[in-house]
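Participant: any chance you could fold what I've pasted below:
(2 chains)
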Amino acid sequence: MKVQINTDRCQGHGRCYDLAPELFGDDDEGYGTVRGEGLVPPELAAKARLAAANCPEQAVELQEA
Amino acid sequence: MPGDERFSGSYRSGADRPRGTRSAVVSGPVTDWATDFSHMDPEWVADPYRIQDDLRERCPIAHTDRFGGAWLPTRYEHVAEIAYDTERFSSRAVVVSNYRPPPDVAPSGTAPPITSDPPYHHDARRLLLPAFTKSAAARQEAATRRLCHSLIDALAGRDVVDAATEYAEHIPVRVISGMLGFPPEDGPRFREFVEIMLEGVNLPPDDRMARIDTVFAYIREQIADHLADPRDDLTTYLINAELHGEKLSPRHVAGSIALLLIAGIDTTWSAIGASLWHLAKTPADRERLVAEPALIPTAIEEFLRAYAPVTMARLVTRDMTWHGVEMKADDWILLSFPAANRDPAQFDRAGEVVIDREVNRHAAFGLGVHRCVGSHLARMELRVALEVWLERVPSFTLTDPAAVTWSAGQVRGPRRVPVRIG
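Facilitator: This next block holds a predicted model:
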């Protein structure tokens, strides 16, 4: 699985980096960023789905491998 | 720099007031919620959810002639569509009243960036964002926790206390006054300012504006004090900030400070108070959070969904037919995130408080470009306030549900929450 953030939609609510800090961080203005290449190890797949399901702007995008 | 000439005039005083449009004050009880709604009506103040749930079923975009004409959408999809459509719905004014500021307050509006539209909004907002990231909020956490403990310490020996006036209210007042560099002992005045700005909305416009002038007189004093004695806080930061290569206008500086002061206090106070009110009347949820403090962040999101404090407003920019209703330019939109958050089309068990709800795409902090700039700070304050209260006061109950009172207007929260803690 891979995660990415649609930067046109992200408004910096921070639900992704609250819920899955292993996968997401924030920039100097609070917008979400993807750590590394966005590859999700199997043990973090549930957290990635939780982050996507809780983004108010639907900016967290998942690509199932 | 004491010689800064920008701030030498009477900016944001009565003499500096834009002309705007006034409408007649309509008061008295609501006759029909679909055609005559008022968010100032005692029935709405006591319980807006029953009214909103009913409207969502039978008249999802309600109207009123009050305030010179306003619409109330109650479906999540409509609220979201308006929040995302900054072309047809302007933020030139965001508090419904009997006064509409003139178009020439653009592009900043009177309290930038909340009253700014794109593209100006984007740059005005960027000035504030770095001070309100999650890590910036984390730097306030230790002091916030100490404050919460000191507030509980002060309740020692009492059987009945007020969770709103003796606890919730003080937390955001102290945090935001510290960030702005305002005297902490001025807290009671900030509470008065909040009432002026957010609850005095149905006064005759000139009376309302005379009261608002007193808020800006205070802010001018604070700016003057910071010009004479610059320090490391948001007020000095805004005085020195540059936008598009120029220092901000004095109106912009004062307007942004007013925004941070008002929006930073009333909203968080309301969210903390509503959460404690819920826990005081719901022993099962209270006991579960005492036993499982790790669940508090999840529960907070549910409290924010179910008791979202903030309703925003927009002004319609042109005559148009919108989802079957005839909107006119300068009609108000009462943009109810609380109503959106209880739409059963968006949330399972929308009317229930489910403290372990895992999927919670609520809109309590808004949607789109105007997402609450203080949301990370608010979440930190709410979490620390609940963690400390539940640790120190694990058992508490409402003394009298009828004694709980709620604020009127666009920010909803309990103003009296008497609880038995002894």
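
Participant: contacts, neighbours, all on C-alpha from now
Facilitator: Fine.

Participant: and the longest helix for chain B?
Facilitator: Longest helix in chain B, counting residues (DSSP state H): helix B:250-281.

Participant: let me fix that, I meant to ask about chain A.
Facilitator: In chain A, with assignment by DSSP H, the single longest helix is helix A:45-54.

Participant: average pLDDT across that one?
Facilitator: Averaged across helix A:45-54, pLDDT comes to 98.

Participant: so what's residue B:266 up against?
Facilitator: Contact analysis of residue B:266 by Cα atoms under 8 Å, 6 or more residues apart in numbering or on different chains lists B:169, B:172, B:191, B:194, B:411.

Participant: and the closest residue to the fourth one other than its chain neighbours, how many neighbours does it have?
Facilitator: Spelled out, it's residue B:194. Leaving aside its sequence neighbours, residue B:194 sits nearest to residue B:262 (Cα to Cα, 6 or more residues apart in numbering or on different chains; 5.6 Å). By the criterion of other Cα atoms under 10 Å in any protein chain shown, residue B:262 has 20 neighbours.

Participant: check contacts around residue B:262.
Facilitator: Contacts here follow Cα under 8 Å, 6+ apart; on that basis residue B:262 touches B:190, B:193-194, B:197.

Participant: so residue B:81 sits in a strand?
Facilitator: No - Residue B:81 is assigned helix when assessed by DSSP: H, G, I helix; E, B strand; the rest coil, not a strand.

Participant: check the closest residue to chain A within the stretch 251-400 of chain B and give its pLDDT.
Facilitator: The minimum distance from the stretch 251-400 of chain B to chain A, using Cα to the nearest Cα, falls at residue B:361 (4.7 Å). What the model reports for residue B:361 is a pLDDT of 97.

Participant: what do you get for the one 4 residues further on?
Facilitator: With respect to pLDDT, residue B:365 scores 98.

Participant: can you list the residues of chain A near chain B?
Facilitator: Residues of chain A found near chain B (Cα under 8 Å from any Cα of the partner chain) are A:9, A:11-14, A:28-30, A:50, A:53-57.

Participant: now the contacts of residue B:266 as a markdown table including pLDDT?
Facilitator: Output for those, formatted as a markdown table (pLDDT from 0 to 100):
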| residue | pLDDT |
| --- | --- |
| B:169 | 95 |
| B:172 | 97 |
| B:191 | 91 |
| B:194 | 93 |
| B:411 | 97 |
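
Participant: tell me where the stretch 51-200 of chain B has strands.
Facilitator: Using DSSP state E, counting those that start in this stretch, the strands of the stretch 51-200 of chain B run over B:61-64, B:70-73, B:89-90, B:99-100, B:160-162.

Participant: likewise for chain A?
Facilitator: For chain A, the strands defined by DSSP state E cover A:2-5, A:24-26, A:32-34, A:60-63.

Participant: buried deepest among those strands, which one?
Facilitator: Each of those was scored by mean neighbour count; the highest is strand A:32-34, a mean of 22, by mean count of other Cα atoms under 10 Å in any protein chain shown.

Participant: what's next to it, contact-wise?
Facilitator: Strand A:32-34 has contacts (Cα under 8 Å, 6+ apart) with A:3-5, A:10, A:12, A:14, A:16-17, A:23-27.

Participant: let's see 6 Å
Facilitator: For strand A:32-34, the external contacting residues (Cα atoms under 6 Å, 6 or more residues apart in numbering or on different chains) are A:12, A:24-26.

Participant: so how far is it from its chain's centroid?
Facilitator: Distance, stretch centre to chain centre, for strand A:32-34: 6 Å (Cα atoms, centre = their mean, to the nearest Å).

Participant: partners of that strand, with directions?
Facilitator: Strand A:32-34 has the following sheet partners, assigned by DSSP bridges: strand A:24-26 (antiparallel).

Participant: what pLDDT, on average, does the partner strand get?
Facilitator: For strand A:24-26, mean pLDDT is 98.

Participant: and it, how far out from the chain middle?
Facilitator: Centroid separation between strand A:24-26 and its chain, computed with Cα atoms, centre = their mean, is 7 Å.

Participant: from the contacts of residue B:266, which land in helices?
Facilitator: Reading helices off those with DSSP H, I get B:172, B:191, B:194.

Participant: buried stuff in the next helix or strand after the longest helix of chain B?
Facilitator: Using DSSP states H and E, the helix or strand that follows helix B:250-281 towards the C-terminus is helix B:283-291. In terms of neighbour count (16 or more other Cα atoms under 10 Å in any protein chain shown), helix B:283-291 has its buried residues at B:285-286, B:289-290.

Participant: what's near enough to touch residue 39?
Facilitator: Because you didn't say which chain, this covers chain A. For residue A:39, the contact set (Cα under 6 Å, 6+ apart) comprises residue A:2.

Participant: hm, I was asking about chain B
Facilitator: In this structure, residue B:39 makes contact with residue B:409, judged by Cα under 6 Å, 6+ apart.

Participant: helix/strand/coil for it?
Facilitator: coil.

Participant: distance of it from chain A?
Facilitator: 26 Å (Cα to the nearest Cα, to the nearest Å).

Participant: roughly how far apart are that residue and residue B:8?
Facilitator: Residue B:39 sits 39 Å away from residue B:8, going by Cα to Cα, to the nearest Å.

Participant: could you do residue B:117 as well?
Facilitator: 28 Å.

Participant: the two - which one has more neighbours?
Facilitator: Between residue B:117 and residue B:8, counted using other Cα under 10 Å, residue B:117 has the larger neighbour count: 23 against 11.

Participant: what sits against the residue nearest the centre of chain B?
Facilitator: In chain B, the residue lying closest to the centroid (Cα atoms, centre = their mean) is residue B:267, at 4.1 Å. Counting by Cα under 6 Å, 6+ apart, residue B:267 touches residue B:309.
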